[in-house]
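Asker: for reference, the sequence and a predicted model appear below.
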Amino acid sequence: MVKSEVSTNVVSETLVEPDLKKQEQNQSHKDGSVRHAEKRRTGTCQFADRVAQVSIEKYREVVPVKWRQENQQVCLATIVAHFKTSLRKQTLPDNETVDKVNGEDENETTAIQGPENDLLIVMGLGVGTKFLSEEKILSDAESDIKGSYGKRIRDSHAEVLARRAFRRALTVEIKSLQLSASSRSENNNQDEDGDDSSCRSMDSFGILRQVKKDTEPTTEGEMREPSSCTYALKDGVTLHMYTSSTPCGNSALKKFSKMKREKFDSSIPPDTWPRNPHPCFDAHSLQLGQCSLLVKKNGTKTGPGTENDPGGNETHAIDTSRIEKKQQNWPANLTDDWCPPGTTLPHFGRGSLHSCSDKICRWNCLGLQGSLLSSLLNKPLYMDTLTVGRKFTSCISQRAVCCRANGYCYDGNITETNGNKNDDDENQNFYRLNHPSIMGTGVYLDDTGTLDMSNSKVVGQDVRFLSKLCWVWWSERSSIESNTDKMENAECIDGDEGLLFSYNLNENLGQVQSEDNKMNEYSLSSTYAL
């Protein structure tokens, strides 16, 4: 497999770009020809459609109507929490988008009692298709002017923003749990069980619970209460990811597997999902790029025959030092002609941000929580399902987001002792290769009707993501005394700059800021803020 590290040992080679006319195939259509805004497709089960529906409803709720009307072709991704438990009657957050089964009124604000009661709540949402140019990434990495490193969001693809939003939601909830624990310890008016009603209200629809550590010895040899605790998912809570289009990279490489149409399984109840194990993965075409890591191609490169490249040749920095010697002559490592649109090979020097397929594969190895929150959680948080909209193929997605990591990810329990020889309890971090249920959905994000296909069209280029604006939203409570959601509207991010953009509803333009002010306007989902 191609390794992705960037090396300083770089050699320059001349690559001849393929003729654009060969890449762009035109197809003629009769006058009046149309196609659906999204290709008709079949979902996997009711649960997948429910995850897609609750995600789209939240998108329509938190992203301005004006922008949505002007940009109907977008990429949306979410991370959704599923609550399945015998809940007592509770009041839902005022602004929360919730999906319920058993035919209850959508406007009802209470959960229904009973063993079959379940809820779907969006925890993080991202909309976008942009990322920083390589020049901006290098500039951001090499300089630390006014402590600006980490303020820019480098990758604003929807899946990456959704995961950033989810991490922000986790951070906010952990902070709230810490405050509520402090409030309980200082409150002299607690009930006999030591449970504060205001904190109970706050935690009703949180996804985390506190896990107290064992008592620890003092210098005098006595045992005392631990100074900190960890957090874990509540019982009955699972995590589910949705993306409106197949993730860029390996998921879009429709090769090396026998593909078949998705079939809807009506026998699966609406509150559960298929749990079939993934088929044994056969890595039979590694030399052709079956499992290769890919990066997002820098959009500033010019094509052949242009004013900047009149000869049709372009010099790129090629780094083969990180590729095993026997793999350097593999066909997949000599050219990127075979790569899905918008992606290239890491050693070609045309980009450094890994594709969304690669990133989701990494999250299925290390968890969704990220390294910063790992020390606060008792084990990694993995997604139980991945639901995909457009261009979905089950076997391809399985290969891309998890199965190709077989043999490259430690699959077992990493055990760490707490340093106390007299304590038999051990802290285990359950890192593993996670194989989520991969599902398609028949719910359409862009269901506006049909598109005109008359005359000549470039094959595969009738969908254009033109707006540079991206959106990120996460679930956030306003205080420990309130269930209301503080994040009513999504943050708007300039995908070309990686910083906040002041979206003006009246003029559809951002309020222009000076460069000095821009560096202070960072997203709360950025690495700097987290």
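Answerer: Thanks, I have the structure now. Predicted model, so just to flag it, every value in this text is computed and none were measured.

Asker: sketch out the helices for the chain, chain order is fine.
Answerer: 20-23, 46-62, 65-70, 134-142, 158-186, 197-203, 331-334, 356-366, 370-374, 394-401, 515-518 (DSSP state H).

Asker: how about those, which one is nearest Y242?
Answerer: Comparing these by their distance to Y242 (C-beta to C-beta), the top pick is helix 46-62, with 4.6 Å. C-betas here are computed from N, CA, C, even on glycine.

Asker: show me the contact partners of the closest one.
Answerer: When contacts are defined by C-beta atoms under 8 Å, 6 or more residues apart in numbering, helix 46-62 is touched by residues 43, 68, 76, 78, 80, 95, 97-99, 101, 120-122, 125, 127, 240, 242, 244, 266, 268-273, 385, 387, 389, 439-443, 445, 471, 473, 487-490.

Asker: what's the answer for stretch 163-170, then?
Answerer: By C-beta under 8 Å, 6+ apart, the residues outside stretch 163-170 that reach it are 79, 123-126, 153, 208, 359, 363, 368-370, 372-373, 381, 472-476, 524-526, 529-530.

Asker: write the PyMOL selection for whichever of the contacts of helix 46-62 are buried.
Answerer: PyMOL command restricting the contacts of helix 46-62 to the buried ones, with burial defined by 16 or more other C-beta atoms under 10 Å:
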select buried, resi 43+76+78+80+95+97+98+99+101+120+121+122+125+127+240+242+244+268+270+271+273+385+387+389+439+440+441+442+443+445+471+473+487+490
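
Asker: and for K263, the neighbour number?
Answerer: Taking other C-beta atoms under 10 Å as the criterion, the count of residues near K263 is 12.

Asker: for it, which non-adjacent residue is closest in space?
Answerer: The shortest distance from K263 to any non-neighbouring residue, by C-beta to C-beta, 6 or more residues apart in numbering, is to T42 (6.7 Å).

Asker: so what's the residue count around Y528?
Answerer: With neighbours defined by other C-beta under 10 Å, the count for Y528 comes to 15.

Asker: what's the separation between it and Q73?
Answerer: Noted for Y528: a distance of 31 Å to Q73, by C-beta to C-beta, to the nearest Å.

Asker: with C395 instead?
Answerer: Summarising the geometry, the distance separating C395 from Q73, computed by C-beta to C-beta, is 27 Å.

Asker: neighbours around D118, how many?
Answerer: Neighbour count of D118, defined by other C-beta under 10 Å: 23.

Asker: can you give me the pLDDT of the closest residue to C403 other than its chain neighbours?
Answerer: By the measure of C-beta to C-beta, 6+ apart, the closest residue to C403 outside its immediate chain neighbours is F281, 4.0 Å from it. According to the model's per-residue confidence, F281 sits at a pLDDT of 88.

Asker: F281 contacts A405, correct?
Answerer: No: contact criterion C-beta atoms under 8 Å: F281 and A405 do not qualify, at 9.4 Å.

Asker: would you quantify the distance from K297 to A48?
Answerer: Using C-beta to C-beta, one obtains 31 Å as the distance from K297 to A48.

Asker: looking at these two, which is more packed in?
Answerer: Between K297 and A48, counting by other C-beta under 10 Å, A48 is the more crowded of the two (31 against 21).

Asker: now that one: how far from V443?
Answerer: Distance check for A48 against V443: by C-beta to C-beta, it reads 8 Å.

Asker: again with L345
Answerer: Spatial separation of L345 from V443 under the definition C-beta to C-beta is 35 Å.

Asker: show me where pLDDT drops low in the stretch 101-250 of the chain?
Answerer: Residues of the stretch 101-250 of the chain meeting the criterion pLDDT under 70: 101-116, 143-147, 183-205, 213-227.

Asker: go on, the stretch 251-400 of the chain?
Answerer: Applying pLDDT under 70 to the stretch 251-400 of the chain flags residues 299-317.

Asker: can you list phi and psi of Y149 for me?
Answerer: phi -60, psi 130 (degrees, to the nearest 10).

Asker: is it in contact with E142, as I believe?
Answerer: No: checked against C-beta under 8 Å, the pair Y149 and E142 is beyond contact range at 9.5 Å.

Asker: more crowded one of those two?
Answerer: Here Y149 and E142 are set side by side on neighbour count (other C-beta under 10 Å), and the busier one is Y149, at 14 against 8.

Asker: so what's the closest residue to Y503 other than its chain neighbours up against?
Answerer: Once flanking residues are discounted, Y503 sits nearest to C492: 4.3 Å by C-beta to C-beta, 6+ apart. If you count contacts by C-beta under 8 Å, 6+ apart, C492 has them with L469, C470, W471, L500, F501, S502, Y503, G510.

Asker: now render the residues you listed as CSV, adding pLDDT.
Answerer: Written out in CSV, the entries for the contacts of C492 read as follows (pLDDT from 0 to 100):
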residue, pLDDT
L469, 95
C470, 96
W471, 97
L500, 93
F501, 93
S502, 89
Y503, 86
G510, 46
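
Asker: of those, closest to H157?
Answerer: Nearest to H157 out of the contacts of C492 is C470 (C-beta to C-beta; 8.4 Å).

Asker: now the strands for the stretch 251-400 of the chain?
Answerer: Assigned by DSSP state E, counting those that start in this stretch, the stretch 251-400 of the chain shows strands spanning 295-296, 313-318, 343-344, 383-390.

Asker: could you dump the ones you listed to TSV with distance to V172?
Answerer: Written out in TSV, the entries for the strands of the stretch 251-400 of the chain read as follows (distance: least, C-beta to C-beta, whole Å):
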stretch	distance to V172
strand 295-296	29
strand 313-318	41
strand 343-344	34
strand 383-390	20
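
Asker: quick one: which of those is nearest L288?
Answerer: Proximity to L288 (C-beta to C-beta) singles out strand 343-344 among the strands of the stretch 251-400 of the chain, at 15.3 Å.

Asker: which strands border the closest one, and is each parallel or antiparallel?
Answerer: Strand pairing for strand 343-344, using DSSP bridges, gives strand 295-296 (antiparallel).
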